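J.: Quick one, fold the following:
(2 chains)
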Amino acid sequence: MITIHTFALFLTFQYFFGEMSAIIFLIILGIVVAGGFLAAFVWAVRSGQYDDDYSPSVRMLFDKKAKNSEADQQPVKQEDKIENK
Amino acid sequence: MEIQKFTYDNRVARMFMNATILWGIVGMLVGLIIAFELFLPNLSMNIPWLSFGRLRPLHTNAVIFAFVGNGMFTGIYYSTPRLLKTPMFSELLGRIHFWGWQLIIVAAAITLPLGYTVGKEYAELEWPIDIAIALIWVVFGINLIMTTVKRRVKHIYVAIWFYIATFVTVAVLHIVNSINIPVSLLKSYPIYAGVQDALVQWWYGHNAVAFFLTTPYLGLMYYFVPKAANRPIYSYKLSIIHFWALIFLYIWAGPHHLLYSALPDWAQALGVVFSVMLIAPSWGGMINGLLTLRGAWDKVRESPVLKMFVVGITAYGMSTFEGPMLSLKTVNALTHFTDWTIAHVHIGALGWNGMLTFGMLYWLMPKLFNTKLFSVKLANAHFWLATTGMLFFAIPLYFAGVTQSLMWKQFTAEGYLQYPNFIETVVQILPMYHLRAFGGILYITGVILMIYNLIKTARAGQFNAVDHDEAPALAAAHHGKDKGHRIIEAKPVVFTILATVAILIGGIVEFVPMFMIKTNVPTIASVQPYTPLELHGRDLYLREGCYNCHSQLIRPFRSEVERYGEYSKAGETVYDHPFQFGSKRTGPDLAREGVLGGPIYKPDSWHYNHMVDPQKLVAQSIMPGYPWLATRKLNINNTPRKIEVMQFFGIPYPEGYAQTANEDLMKQAGQIAGGLRSGGIEVEDDREIIALIAYLQRLGTDIKKPAPTQKQTIR
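T.: Below you'll find the model as predicted:
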């Protein structure tokens, strides 16, 4: 689907811009991709992804521990036990 | 708050890990073979599928897509669920992804040596394989994105952002650069031509480096370096800033591969400016990785894993400094087309990708098998072999690149080229090629030690098929808003993709008249389409991988115009599907090969003898022989289809020409073969070598011809 559309889009640009249509095509595509990233960035900031810019870096160091107090009451040995399934 | 229990599946990660090791050694061994072929050209023993031109694409594809590809998937399938506190979305998709990817690699390993190629670097694979790649990539993407959607932590750790950017961008790059129109099951032509094709190709090529070799591995760095050092990343803030900066800048840097080409100056300048700016985010990543170990350098002394990470990240810093420098026009004038480029990419591949992968494997294998690394000593030995191997590889090639380039440019006091024979500049750097191969041997020896070490480690332990974990559900943890907004929030990336697709479709609807295409209006009236025989010859040029060693782009320098002839113009390549500018001059440029009376013109008989046995004519040549071209019959059954595809692109062959093309073809072949026979060479009209000679003799000749009259559409 996307392939066919991309193809059509390129040919259309070639029709209108001739010789260096690939530049126009790639610039527009680049802007689309960058725009997508921009949207993702805006989403990330607005949804509070970066409100805390320290603890995520520490949290990822702990693999088998849930963050709340209930989890802390679980015996650690059981969590670390290895099971083959 | 409800605590949910769940498991992480280690099996898919292990499968990818094994594949990384297997394809790693295969890709590197092929690399070693071609490193030897560069000074022992007849190492291939006249076996077509062992010749440099066919094995070099196999080497690059195997290392990039098989070794690094499986390496990134190993790390992604291991780290993603742990970072997001949820199993991967689908184990089945994971397995389809794994087997699909391996199948693609096997298909590549078979078709590339057999000469089935599109003829564009790192995008050589033919269209059925391209489609398979796109499908499997989407499978990977669905698995990754849906896992992100199902996450149990609100915050998406920076490594995941790198993985997502990798998926999205590689999908776009691959699809746009691989739009080829099939001629047959294993032959196709790209829709773009000449400079346009070059631009699309290097937009793809550079971003393949950016989004296949860099962003996923930065993601791995942000997971495995803190894990191995057991301390948080130096600055989480910096990781976020450099991520967004990196992905915004990288996509524009492609044109720096086409400096001094026929690409418009402003586009070249754009590529240079963005390339230079890229130092900032790249070094942001390097600094962040290295400073994570601040105050923990004692750990580095003891841990081979951390040592490898340190050298890997340092290599990343070096090559991302080197890259912008090579993008400066003045530096590029010296280094482009030389071995410097090869050294540069290998600092990246051997240093950054290799070392990071090895470190990850040494860390992961004991973890998955619940044991300790079999031998730290062996791993340390591997570290030193890899580091010295990398240096032995790169440093001689820096010298080779500068030496050869300066020789190409050297004039005598009288104003003649000091080294007019290309071969002189090759002989000068052969010792460097020996040293490079030695470096390769060191590096591969290290990898063999690693394989032994890892197998021993796995044998000593017991495989953890699954790990258990638990976490509170996400929904209760932070969402308190209305339902509709929540859905949008939960699926940011899905929405991003949908928006992209929407924009693409919207654009198409606005610019409808697709069937009215009139393309490739030549700016140089005398430039004509290839004759059917030349077209076949061109396809043979692609099949044998000539572009791996010969460029077809004369830059506007006095030294190049003296050596090769008039510099290349954009209008000359409008019928070239694909373009064949090349990126390396192991042999001389061929853009004006056919110009009678030009600096490098050779008669048909010379080409014939040279192709069959190059050393007979140039004793010190490092070109392998292609004797099979003189014995194999040219396949002309697909001529009509080839012409039809070209006509579809808008190339002005007369209407109905597809049916009569073979008549012209045989006429031209008869002339060339007749000429050869009259010179005492026994050859039949219908051999492949005739077509290749026809193509070589056509190269660069059009601009000197008078513009054709209206009747005369074909030469």
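
J.: Against residue B:697, how distant is residue B:602?
T.: 9 Å (C-beta to C-beta, to the nearest Å). In short, each C-beta sits where N, CA and C put it, glycine included.

J.: Hmm, I typed the wrong one, I wanted residue B:270.
T.: From residue B:270 to residue B:697 the distance is 37 Å (C-beta to C-beta).

J.: What of residue B:157?
T.: 59 Å.

J.: Make sure residue B:188 is indeed in a strand.
T.: Yes - counting by DSSP: H, G, I helix; E, B strand; the rest coil, residue B:188 falls inside a strand.

J.: That one reaches residue B:180, doesn't it?
T.: Yes - counting by C-beta atoms under 8 Å, residue B:180 is a contact partner of residue B:188 at 3.7 Å.

J.: So for those two, which residues contact both of them?
T.: The contact sets of residue B:188 and residue B:180 overlap at B:118, B:126, B:127 (C-beta atoms under 8 Å, 6 or more residues apart in numbering or on different chains).

J.: confidence score at residue A:71?
T.: Note on residue A:71: pLDDT of 41.

J.: swap that for residue B:510, please
T.: Confidence score, pLDDT, at residue B:510: 36.

J.: same thing with residue B:165?
T.: 92.

J.: Can you tell me the SS state at it?
T.: helix.

J.: ok so, going back, joint contacts of residue B:602 and residue B:697?
T.: Common neighbours of residue B:602 and residue B:697 (C-beta under 8 Å, 6+ apart) are residue B:593.

J.: quick one on the thing from earlier: who has more neighbours out of residue B:270 and residue B:697?
T.: Shown here are residue B:270 and residue B:697; by other C-beta atoms under 10 Å in any protein chain shown, residue B:697 has more neighbours (21 against 18).

J.: Relative to chain A, how far out is residue B:54?
T.: Computed as C-beta to the nearest C-beta, to the nearest Å, the residue B:54 to chain A distance reads 28 Å.

J.: How about the helix or strand where residue B:217 lies and chain A, any contact?
T.: Using DSSP states H and E, the element containing residue B:217 is helix B:215-229. Yes - Helix B:215-229 reaches chain A (C-beta under 8 Å from any C-beta of the partner chain) through B:223, B:226, B:227.

J.: Let's see if you can find the most crowded of the residues you listed.
T.: Greatest neighbour count in those, by other C-beta under 10 Å, goes to residue B:223: 26 neighbours.

J.: That one contacts residue B:159, correct?
T.: Yes - in terms of C-beta under 8 Å, residue B:223 counts as a neighbour of residue B:159; the distance is 4.6 Å.

J.: Show me what the longest helix anywhere in chain B is packed against.
T.: The residue-count maximum for a helix in chain B (DSSP state H) belongs to helix B:422-460. Contact partners of helix B:422-460 among helices and strands, from 3 or more C-beta pairs under 8 Å, 6 or more residues apart in numbering or on different chains; DSSP states H and E: helix B:11-37, helix B:356-368, helix B:376-409.

J.: Could you list every helix and strand that the last one packs against?
T.: Judged by 3+ C-beta pairs under 8 Å, 6+ apart, helix B:376-409 is in contact with helix B:304-327, helix B:329-335, helix B:339-346, helix B:356-368, helix B:422-460, helix B:558-564.

J.: most neighbours per residue, which of these?
T.: helix B:356-368 (a mean of 25; mean count of other C-beta atoms under 10 Å in any protein chain shown).

J.: Taking their axis directions, that helix and helix B:304-327 sit at what angle?
T.: Per axes from the mean of the first three to the mean of the last three C-alpha atoms, to 10 degrees, the angle that helix B:356-368 makes with helix B:304-327 is 160 degrees.

J.: close to chain A, is helix B:356-368?
T.: No - against chain A, helix B:356-368 shows no contacts by C-beta under 8 Å from any C-beta, the least distance being 9.7 Å.

J.: count of neighbours near the residue nearest to residue B:569 when sequence neighbours are not counted?
T.: Nearest residue to residue B:569 in three dimensions, chain neighbours excluded: residue B:262, at 5.8 Å (C-beta to C-beta, 6 or more residues apart in numbering or on different chains). Around residue B:262 there are 20 other residues, counting by other C-beta under 10 Å.

J.: Quick check, residue B:262 in contact with residue B:573.
T.: Yes - contact criterion C-beta under 8 Å: residue B:262 and residue B:573 qualify, at 7.4 Å.

J.: Now for residue B:223 and residue B:159: what residues contact both?
T.: Contacts common to residue B:223 and residue B:159, judged by C-beta under 8 Å, 6+ apart, are B:79, B:83.

J.: picking that back up, with pLDDT added, can I get the residues of helix B:215-229 next to chain A in JSON lines?
T.: Supplementary listing: the residues of helix B:215-229 next to chain A in JSON lines, determined by pLDDT from 0 to 100:
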{"residue": "B:223", "pLDDT": "97"}
{"residue": "B:226", "pLDDT": "96"}
{"residue": "B:227", "pLDDT": "95"}
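
J.: right, and residue B:141 touches residue B:167 too?
T.: Yes - counting by C-beta under 8 Å, residue B:141 sits close enough to residue B:167 to count as a contact (4.4 Å).

J.: sec struct for whichever residue of the stretch 301-450 of chain B sits closest to chain A, please.
T.: As assessed by C-beta to the nearest C-beta, chain A sits closest to residue B:370 within the stretch 301-450 of chain B, at 5.4 Å. The local conformation at residue B:370, judged by three-state DSSP, is coil.

J.: ok, it - contacts?
T.: Contacts of residue B:370 (C-beta under 8 Å, 6+ apart): A:82, B:461, B:462, B:463, B:464.

J.: can you tell me how far it sits from residue B:466?
T.: For residue B:370, the distance to residue B:466 - C-beta to C-beta - is 12 Å.

J.: And for residue B:128?
T.: 36 Å.

J.: Show me which residues of the longest helix out of those in chain A are buried.
T.: Secondary structure assigned by DSSP H gives helix A:21-46 as the longest helix of chain A. Across helix A:21-46, burial judged by 16 or more other C-beta atoms under 10 Å in any protein chain shown covers A:21-23, A:25-26, A:29-30, A:32-34, A:36-37, A:39-41, A:43-44.

J.: which residues of the stretch 401-550 of chain B score low on pLDDT?
T.: Scanning the stretch 401-550 of chain B with the threshold set as pLDDT under 70 gives B:475-523.
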